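Engineer: for reference, the sequence and a predicted model appear below.
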Amino acid sequence: MDNKFWLIQRGKFQDPKEKVLISYKGLICTDYMGSSEFEWETLQDSYIIIMDNIDKYNLYGTGILHKNSFDDLLVFCPKDKMDDVINELHNFCNNPYTLQEYAQLAEQTQIWNANNKDRFAPIVKPDFWWEISHEWNFMCFFSGDTRETSFLDILQFSYDHWWIKLSSDEKEELLKNAYSKAQGF
């Protein structure tokens, strides 16, 4: 892949009140970054594509360490994109470039260049990022505590209790819509 990241959704891990990945009551509470991820159903479409390809996704270590905890930045992506995603994450953390919204990822890593300054300092620093454009479509977060297990358990729960129960026609319609909108990225 020659393209750089563009549309990264920030989020924060929390103690889930419901067994869902993204929600104010779920494992990840997302930052409001504008309306496109909600009005155009970009998060939903990205999640649908992941559910349809869940057998191709896995968690991988990147070797990018958190600046304070030394936890590894983990990436959840398809195996065939793993090298590209990890290489671009290293590139982005070494030489941050402009995204549609500020990710605040590079600053939390040990490889962050100390000469770079935060563009702004939100009250709550994100600890989850989801590149929701169709070309990349990966999630990443720093390891630690029970994050990996909670993350994978909730994805499996979504697959088992939602995706697998949809009819072929329902899946086909959801995927058709998701992929048709994804072409605009």
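Structural biologist: Happy to help now that I have it. All values reported here derive from a predicted model rather than from experimental measurement.

Engineer: wait, isn't F5 in contact with E131?
Structural biologist: Yes - counting by C-beta atoms under 8 Å, E131 is a contact partner of F5 at 5.4 Å. The C-beta positions use only the backbone N, C-alpha and C, and glycine is treated the same way.

Engineer: ok, the two, which is more surrounded?
Structural biologist: The neighbour comparison of F5 against E131 (other C-beta atoms under 10 Å) goes to E131, with 24 against 21.

Engineer: how about the more buried one, what does it touch?
Structural biologist: Counting by C-beta atoms under 8 Å, 6 or more residues apart in numbering, E131 makes contact with F5, W6, L7, I8, Q9, N137, F138, M139, C140.

Engineer: swap the cut-off to 6 Å and go again
Structural biologist: F5, I8, F138 (C-beta atoms under 6 Å, 6 or more residues apart in numbering).

Engineer: which residues touch the last one?
Structural biologist: Remark: with contacts taken as C-beta under 6 Å, 6+ apart, F138 is in contact with V75, C77, V85, E131.

Engineer: who does the last one bridge with?
Structural biologist: Residues in a beta bridge with E131, per DSSP bridges, are I8, F138.

Engineer: for L105, see how far away it is.
Structural biologist: 10 Å (C-beta to C-beta, to the nearest Å).

Engineer: let's verify the closest residue to K4 other than its chain neighbours: helix, strand, or coil?
Structural biologist: Of all residues not flanking K4 in the chain, Y97 sits nearest, at 6.0 Å (C-beta to C-beta, 6 or more residues apart in numbering). Secondary structure assignment for Y97 (DSSP: H, G, I helix; E, B strand; the rest coil): coil.

Engineer: how about the backbone phi and psi for Y97?
Structural biologist: With angles defined as degrees, to the nearest 10, Y97 sits at phi -130, psi 170.
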